[in-house]
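# Got a predicted model here, sequence first, then my questions.
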Amino acid sequence: MTKIVIVGGVAGGASAACRARRLDEKAEIVLFEKGSYVSFANCGLPYYVGGSIHERSKLTVQTPRSLHSRFNIDVRIESEVVGIDTAKHEVEVIDHAKGTSYRETYDKLLLSPGAEPIKPPLPGVGLPGVFTVRSIPDVDRVCESANATRARRAVVVGGGFIGVEMAENLVERGLSVELLEMADHVIKSLDFDMAVDLHRELQANGVNLHLREGLKGIESVKDVLVVNTHKGQHISCDIVILAIGVRPESALAVSAGIECGPRGHIVVDERMRTSAEDVYAVGDAIQVTDFLTGAQTAIPLAGPANRQGRLVAENMLGGNRTYTGTQGSSVVKVFNLAAASTGMTEESARAQGIDVDKTYLTQPSHATYYPGAKMMGLKVLWEKGTGKLLGAQAIGQKGVDKRVDVIATAIRFGANVRDLASLELCYAPPFNSAKDPVNMAGFVAENVLEGKLRQFYPEDVATLPRDGSVTLLDVRTPGEYSRGMIEGFKNIPVDELRDRVEEIDREKPVYLHCKSGQRSYIAYRILTGLGYECYNLAGGYDRWSAITQG
């Protein structure tokens, strides 16, 4: 009989415990959790603060009693593992409820301690009213403080998933919110040129966004918190949420001599084994392999942690399953928008020396003649020349996760961007268009790779010559042109182009744009068919406008 000891519950540890029981009815399974909650929906915590989740009990996925009655797992809460003797196969445990300590033996040990929110060494981060969000007690304290002080103003530090979600839900709770982010955009898994849509959405819903602005310190002045920023601002508020990021809780592994990476993450192999015999690790505390590059990285997401827990349970019981890496697929709700991404960003690809190409599309969530269709923006990345699919980002009100999930699946199976054009996806007017946005991305990429389309990009617009050496052409309607135009672009609507082609010098390259890139592609084909050298603005006027105003 195998005795499995698990340190930490939530996603990885609880998943491993339940999977191990399903595989082996006779195994002895002991799960230690230093807190009071062994399995809870930590991704749902911000929505409890905002009131979307009304019942606190809904956050609890499993309890010690339910895990014992259904899975015969010995769950010991408020029990902190403080030491590992890898030679003796023992852990040292402090029972905080009883104030005692003892040792427990194991045959296989799984570390699933997770990651803890970063509290920077800055003045005032320990003041009352300053919170991090990781557990149910954390959000209890946020809600209790908001109620007790009748909070009206909040500052959120950090524009990652938790920061943006907390900003939204504090607004939903009735607070005015200031959001500080050191980078030039929120949500690191997006590029700036897509995140600008979220910036507008946050601001439209009352969040005062401070980009490229970090926390210098916090003071308490007459029972009011004052957040001091690097730019010299002093923002008064009642609550501060620190959502700067997380660090792995790997101190236990370090003290046991288990190998950890340069940022403190536990090093594991493809079977989730650590450097210590019979000791495994999963979840936010570990270093993972980037699926696309093979590089070692850290991607703290619940989905991968759950899959790792399932896999490691089998391996601890004699299996030989391998983890093939993490590609970072994610989605976040930002008021009325959703933003999804998978794989590499353009920024990360270029940082690794990859010659990346891209396109932008604006597409409806379903057939526009059926009521309720909403437009979405989609960015797809591939390796120039080979067409290897690298990543995708999408933002919109409907259907965003569906499209990115399709591309995430394609990446997992090694697709070329051309393959997106061939995918056969479900269609009926309430659900889709006959040409899905994913197919459309494939069509555009296919044209680029085959030389049927040459693109230029929003970042190129400012440097295009305005000296008459090239032709800059806007093929939108006169009404659209009058409401906003790019300096130097002449307006000839696409439907008039054939009749007015003599106005365009055949000896000069032509740079075209429309609202989204679709009509200007038609103009591109007309002009190239007549012998012109043409370039089409990827994403069109709308993407250029969003970026320049973002």
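That came in fine, so what should we check first?

# show me where the stretch 201-350 of the chain has strands.
207-211, 215-221, 224-229, 234-237, 239-242, 246-248, 279-281, 288-289, 296-297, 330-334, 337-343 (DSSP state E, counting those that start in this stretch).

# Distance check, the nearest residue in space to residue 538 that is not next to it in sequence against residue 509.
Using Cβ to Cβ, 6 or more residues apart in numbering and skipping residues adjacent in sequence, the residue nearest residue 538 is residue 455, 4.5 Å away. From N, CA and C alone the C-beta is placed, and that goes for glycine too. For residue 455, the distance to residue 509 equals 13 Å [Cβ to Cβ, to the nearest Å].

# The two: who's more crowded?
residue 455 (20 against 17; other Cβ atoms under 10 Å).

# show me the contacts for the more buried one.
Taking Cβ atoms under 8 Å, 6 or more residues apart in numbering as the contact definition, residue 455 lies against 359, 448, 535-538.

# Can you give me the distance of it to residue 448?
Computed as Cβ to Cβ, the residue 455 to residue 448 distance reads 6 Å.

# Spell out which residues are contacts of both of the two.
Residues touching both residue 455 and residue 448 comprise residue 359, with contact defined as Cβ under 8 Å, 6+ apart.

# partner residues bridging residue 378?
residue 361, residue 394 (DSSP bridges).

# how close does the residue nearest in space to the middle of the chain get to residue 292?
Taking Cα atoms, centre = their mean, the centroid of the chain lies closest to residue 330, which sits 4.3 Å from it. To residue 292, residue 330 is 15 Å away according to Cβ to Cβ.

# My understanding was that residue 119 contacts residue 125; is that so?
Yes: with contact defined as Cβ atoms under 8 Å, residue 119 reaches residue 125; the gap is 5.1 Å.

# Overlap of the contact sets of these two?
Common contacts of residue 119 and residue 125, defined by Cβ under 8 Å, 6+ apart, comprise residue 242.

# Which of the two has more residues huddled nearby?
A side-by-side neighbour count of residue 119 and residue 125, using other Cβ under 10 Å, places residue 125 first with 18 against 13.

# So the more buried one lies in a helix, does it not?
No: Residue 125: not assigned to a helix; according to DSSP: H, G, I helix; E, B strand; the rest coil it is coil.

# What are the neighbouring residues in contact with it?
Residue 125 sits next to 119, 218, 242 when contact means Cβ under 8 Å, 6+ apart.

# Surely the residue nearest to the centre of the chain touches residue 165?
No: with contact defined as Cβ under 8 Å, residue 330 does not count as touching residue 165 (11.9 Å).

# which SS state does residue 168 fall under?
Residue 168 is classified as helix under three-state DSSP.

# ok, how many other residues are close to it?
27.

# For it, give me its contacts.
46, 50, 202, 205, 207, 333-335.

# Surely residue 313 is in contact with residue 20?
Yes: Residue 313 is in contact with residue 20 according to Cβ under 8 Å; the separation is 4.0 Å.

# Show me what the helix or strand of the chain at the bottom of the mean pLDDT ranking is packed against.
When each helix and strand of the chain is scored by mean pLDDT, DSSP states H and E, strand 39-40 comes last, with a mean of 78. Secondary-structure packing of strand 39-40 (3 or more Cβ pairs under 8 Å, 6 or more residues apart in numbering; DSSP states H and E): helix 10-23, strand 60-62.

# Could you check how far whichever helix or strand comes after the last one is from the centre of its chain?
Past strand 60-62, further along toward the C-terminus, the next helix or strand under DSSP states H and E is helix 64-71. The gap between where helix 64-71 is centred and where its chain is centred comes out at 33 Å by Cα atoms, centre = their mean, to the nearest Å.

# do the same with stretch 264-275
With Cα atoms, centre = their mean, you get 23 Å for stretch 264-275.

# What are the buried residues along it?
264-268, 271-275 (16 or more other Cβ atoms under 10 Å).

# Show me what the mean pLDDT comes to for that stretch.
For stretch 264-275, the mean per-residue pLDDT is 97.

# Ends of that stretch, what's the gap?
Stretch 264-275 has an end-to-end distance of 14 Å (Cα to Cα, to the nearest Å).

# What of stretch 238-253?
38 Å.

# same thing with stretch 362-380?
By Cα to Cα, one end of stretch 362-380 lies 12 Å from the other end.

# cool, stretch 252-259 as well?
Using Cα to Cα, first and last residues of stretch 252-259 are 11 Å apart.

# quick one on the thing from earlier: reformat the buried residues of stretch 264-275 into TSV and put distance to residue 213 next to each item.
Shown next, in TSV, are the buried residues of stretch 264-275 (distance: Cβ to Cβ, whole Å):
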residue	distance to residue 213
264	27
265	29
266	34
267	35
268	37
271	44
272	39
273	43
274	39
275	41
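
# These: which two are farthest apart?
The most widely separated members of the buried residues of stretch 264-275 are 264 and 271, with 21.6 Å between them, by Cβ to Cβ.

# I'd like the average pLDDT over the helix or strand hosting residue 110.
According to DSSP H and E, residue 110 maps onto strand 108-111. Average pLDDT, strand 108-111: 98.

# Also stretch 309-328?
The average pLDDT within stretch 309-328 is 96.

# same deal with stretch 24-36?
Averaged over stretch 24-36, pLDDT sits at 95.

# Over to stretch 121-139?
95.

# Now it: buried residues?
Applying 16+ other Cβ under 10 Å to stretch 121-139 flags 124-125, 129-136, 138-139 as buried.

# now swap in stretch 278-294 and tell me
279-293.

# Kindly report the same for stretch 106-122.
For stretch 106-122, using 16+ other Cβ under 10 Å, the buried residues are 106, 108-117.

# measure residue 168 to residue 530 for me?
51 Å.

# what's the helix or strand for residue 148?
Going by DSSP H and E, residue 148 is part of helix 136-149.

# What is that helix packed up against?
Looks like helix 136-149 contacts helix 45-50, strand 130-131, strand 239-242 (3+ Cβ pairs under 8 Å, 6+ apart).

# follow-up on the earlier one: select, out of the helices and strands packed on strand 39-40, the one closest to residue 194.
With Cβ to Cβ as the measure, helix 10-23 is the member of the helices and strands packed on strand 39-40 nearest residue 194 (27.2 Å).

# Send me that closest one as PDB with only the CA atoms.
What follows is helix 10-23, C-alpha atoms only, in PDB (Å, rounded to 0.1, in the frame of the first residue of the first chain):
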ATOM      1  CA  VAL A  10      -6.600  24.200  -3.700                       C
ATOM      2  CA  ALA A  11      -6.000  23.400  -7.400                       C
ATOM      3  CA  GLY A  12      -2.900  21.100  -7.700                       C
ATOM      4  CA  GLY A  13      -2.900  19.300  -4.300                       C
ATOM      5  CA  ALA A  14      -6.700  18.600  -4.100                       C
ATOM      6  CA  SER A  15      -6.800  17.500  -7.700                       C
ATOM      7  CA  ALA A  16      -3.900  15.100  -7.100                       C
ATOM      8  CA  ALA A  17      -5.500  13.700  -3.900                       C
ATOM      9  CA  CYS A  18      -8.800  12.900  -5.600                       C
ATOM     10  CA  ARG A  19      -7.200  11.500  -8.700                       C
ATOM     11  CA  ALA A  20      -4.900   9.300  -6.600                       C
ATOM     12  CA  ARG A  21      -8.000   7.900  -4.800                       C
ATOM     13  CA  ARG A  22      -9.800   7.200  -8.000                       C
ATOM     14  CA  LEU A  23      -6.800   5.200  -9.200                       C
END
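
# Just the endpoints, please. Distance across stretch 171-184?
Termini of stretch 171-184 sit 22 Å apart (Cα to Cα).
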